[in-house]
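>>> quick one, structure for this:
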Amino acid sequence: MDADADAIAFGTDGWRATLEEFTDERVRMVGQAVADYLRAEGHDAPVLVGYDARPTSEGFADSLAAVLAGNGFDVLVPERDRPTPLVAWAIVDRGLAGALMVTASHNPPEYNGVKFIPGDGAPALPAVTEAIEARLGPVDTLPESEHGTVETVSLVPSHAEQARAVAGVDGGALDGLTVVYDAMHGSGRGVTDALLESAGVEVVRRRCDPDPEFGGTPPEPSAEHLEGLVAAVRDRDADLGIANDGDADRLAVVTPDRGHLDENLFFAAIYDYLLESASGPAVRTVSTTFLVDRVAEAHGEEVFETAVGFKWVADAMAAHDALVGGEESGGFSVRGHVREKDGVLMALLTAAAAAEESLDARVDRLLAEHGDVVADKVSLDCPDDRKEAVVAGLDDEIPDSLAGQSVAEVVTLDGFKLLLEDGSWVLVRPSGTEPKMRVYAEAADERAVRERLAAARELVAPLI
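Residues are numbered from 1 along each chain as shown. Model prediction:
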């Protein structure tokens, strides 16, 4: 494998890098590897190439389309940047072989990325990405007479119809609801807001124009980046605020009382809402709240825990016919849809839930019934080449107690999760996307969470 191929590595959700590393030559190599993989698997249906709102994304998508067409595949491309979930749905809806999506999601503007989505519309599992990586090499196209076509298509109408069907929302059903929508200058603009309006929602738009710098902050819908949305919800006396990340596969929710609604609380609330009219288990990652488990237990349902990464959530959703799957970073999907994070569909589903009962009231009710839950996380710098040693070291250093609580159980699904005797927990795991170790904690109040995070940091820091 040459130096260019060595620089390409598919992590938690595709290959992402700064534009110094993410070059057109390397992107074209990815396109060739995907073409070779699809051919080896016997696929000859068209392939979709989507892209996000970054200034360089359309050009990279053009290069991928040219390589795939040069390998004999017919290629579909959208008429402009579109959200990743629209690309995932189009694969299934149109019976495609798969798709390549050019996106760096929530990363800063100096990044870009690309990921392959297989024919089922769910995230690629390691067996697939490893097979693609093994085929990385120089571009090798067919004679021009054997090239495929490149066709421009619209992805919006079909996805909107699917989202309304899955959410059970007809046109005008949400009349009287006011939502402030924040696209964070990403690909959700003109898509999520239009979907909400099609259901009767009055939409107030924020950051719904393209901006190569994303307004000076990464398109990451975290609390520190949504202060303006919180203010807008309160100023406009809106029922709800919704933000998407850069490629609109994730969402964050703002309520009038709470401001930014912790994604753990949101997960529990949306699962509770879905259980009013359906049944089925939930799938959550090891870093996501036990409040979901309490909601499930109250309804006689189960919860299945996975490693961090939506690909594992999606896989478990299929295995257990789950009603909903999600993660504390704001990625969710529901039964009846493709098993890929969909911040557009979830925006409509959230609005439908809020129209029935305010999210503040629902969360208050759940916490009163199941007990208060507070969660937080911190990161410790850790070079990638030290992560394995840190995890191995932790295996020898698991304490009998942490922050004054006995360790009742140790879960090793992804790093080390210490379940404490009072029902709280601490998780330590290596980041799959950054040179960091992640430390998570959940307990009944903020002081207890701080104590557990501090104790876990003291445990991990000497090992780095």
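>>> contacts and neighbour counts: CA atoms only from here.
Fine.
>>> residue closest to the middle of this protein?
Gly331 (3.8 Å; C-alpha atoms, centre = their mean).
>>> ok, Glu144 - how many residues close by?
Residues lying near Glu144 (other C-alpha atoms under 10 Å) number 11.
>>> got the contact list for the residue lying closest to it once chain neighbours are set aside?
Closest residue to Glu144 apart from its sequence neighbours, by C-alpha to C-alpha, 6 or more residues apart in numbering: Gly70 at 7.1 Å. Contacts for Gly70 (C-alpha atoms under 8 Å, 6 or more residues apart in numbering) come out as 141-144, 146-148.
>>> after the helix or strand of the chain with the lowest mean pLDDT, which helix or strand is next? Please name it.
Here the helix or strand of the chain ranked lowest by mean pLDDT, DSSP states H and E is helix 3-6, holding a mean of 78. Scanning forward in sequence from helix 3-6 by DSSP states H and E, the next helix or strand is strand 15-18.
>>> direction included, what does that following strand pair up with?
Using DSSP bridges, strand 15-18 pairs in its sheet with strand 111-117 (antiparallel).
>>> please report phi then psi for Met437.
phi -100, psi 140 (degrees, to the nearest 10).
>>> is it bridged to anything, and to what?
Leu380, Pro430.
>>> correct me, but it touches Leu427?
No: the pair Met437 and Leu427 does not pass the contact test of C-alpha atoms under 8 Å, sitting 10.3 Å apart.
>>> burial count for Asp235?
Asp235, neighbours per other C-alpha under 10 Å, totals 10.
>>> and the pLDDT at it?
Here, the pLDDT recorded for Asp235 equals 98.
>>> which residues sit against the helix or strand where Ala127 lies?
Ala127 belongs to helix 126-133 when assigned by DSSP H and E. By C-alpha under 8 Å, 6+ apart, the surrounding residues in contact with helix 126-133 are 8-10, 30, 33-34, 37, 116.
>>> what do you get if the cut-off is 10 Å, keeping everything else the same?
Here helix 126-133 makes contact (C-alpha atoms under 10 Å, 6 or more residues apart in numbering) with 5-6, 8-15, 29-38, 115-118, 123-124, 134-135, 311.
>>> tell me the buried residues in stretch 244-262?
By 16 or more other C-alpha atoms under 10 Å, the buried positions in stretch 244-262 come out as 244-256, 259-262.
>>> next one: that stretch to chain centre, how far?
13 Å (C-alpha atoms, centre = their mean, to the nearest Å).
>>> now for Ala238: which residues touch it?
Contacts of Ala238 (C-alpha under 10 Å, 6+ apart): 177-180, 202-204, 232, 254-256.
>>> let's see that with 7 Å instead.
178-180 (C-alpha atoms under 7 Å, 6 or more residues apart in numbering).
>>> quick revisit: which of the contacts of helix 126-133 are buried? Put it as a PyMOL command.
Restricted to buried positions by 16+ other C-alpha under 10 Å, the PyMOL selection for the contacts of helix 126-133 reads:
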select buried, resi 5+8+10+12+13+14+15+29+30+31+32+33+34+35+36+37+38+115+116+117+118+123+124+135+311
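>>> give me the three-state assignment for the residue of the chain most remote from its centre.
Within the chain, Ser145 marks the point farthest from the mean C-alpha position, 40.1 Å out by C-alpha atoms, centre = their mean. Three-state assignment for Ser145 (DSSP: H, G, I helix; E, B strand; the rest coil): helix.
>>> pLDDT value on it, please?
98.
>>> one more: Met1?
49.
>>> still on that earlier bit, now, the buried residues of stretch 244-262 that are in strands?
With DSSP state E as the criterion, strands contain 244, 251-255, 259-261 from among the buried residues of stretch 244-262.
>>> which element is Thr152 on?
Using DSSP H and E, Thr152 falls in strand 150-153.
>>> would you mark the buried spots in that strand?
Val150.
>>> just how off-centre is that strand within its chain?
Worked out by C-alpha atoms, centre = their mean, strand 150-153 lies 27 Å from the chain centre.
>>> adjacent strands (with direction) for it?
strand 75-78 (parallel).
>>> can you give me the mean pLDDT across the next helix or strand after the strand it pairs with?
The C-terminal neighbour of strand 75-78 among helices and strands, as given by DSSP H and E, is helix 84-94. Across helix 84-94, pLDDT averages out at 98.
>>> neighbouring contacts of whatever helix or strand comes next after helix 84-94?
Downstream of helix 84-94, the next assigned helix or strand under DSSP H and E is strand 98-102. Here strand 98-102 makes contact (C-alpha under 7 Å, 6+ apart) with 47-52, 57, 61, 84, 91, 113-119.
>>> what's the residue nearest to Pro256 when sequence neighbours are not counted sitting at in phi/psi?
Nearest residue to Pro256, sequence neighbours excluded (C-alpha to C-alpha, 6+ apart): Arg234, at 5.9 Å. With angles defined as degrees, to the nearest 10, Arg234 sits at phi -80, psi -40.
>>> so how far is Asp360 from Arg234?
From Arg234 across to Asp360, the span is 14 Å (C-alpha to C-alpha, to the nearest Å).
>>> who has more neighbours, these two?
It is Asp360, of Arg234 and Asp360, that has more neighbours when counted by other C-alpha under 10 Å, with 21 against 18.
>>> where does that one land on pLDDT?
The model reports Asp360 with a pLDDT of 98.
>>> tell me which other helices or strands the helix or strand it falls within touches.
Assigned by DSSP H and E, Asp360 belongs to helix 359-370. Helix 359-370 is packed against helix 263-274, with contacts defined by 3 or more C-alpha pairs under 7 Å, 6 or more residues apart in numbering; DSSP states H and E.
>>> now the helix it packs on: average pLDDT?
98.
>>> who does the helix or strand that that helix is followed by pair up with?
Next along the chain after helix 263-274, taking DSSP H and E as the criterion, comes strand 282-285. Strand 282-285 pairs in its sheet with strand 303-306 (parallel), strand 324-326 (parallel), by DSSP bridges.
>>> phi, psi of the residue nearest to Val428 when sequence neighbours are not counted?
Closest residue to Val428 apart from its sequence neighbours, by C-alpha to C-alpha, 6+ apart: Val439 at 4.6 Å. Note on Val439: backbone dihedrals following degrees, to the nearest 10 are phi -130, psi 120.
>>> alright, that wraps it up for me.
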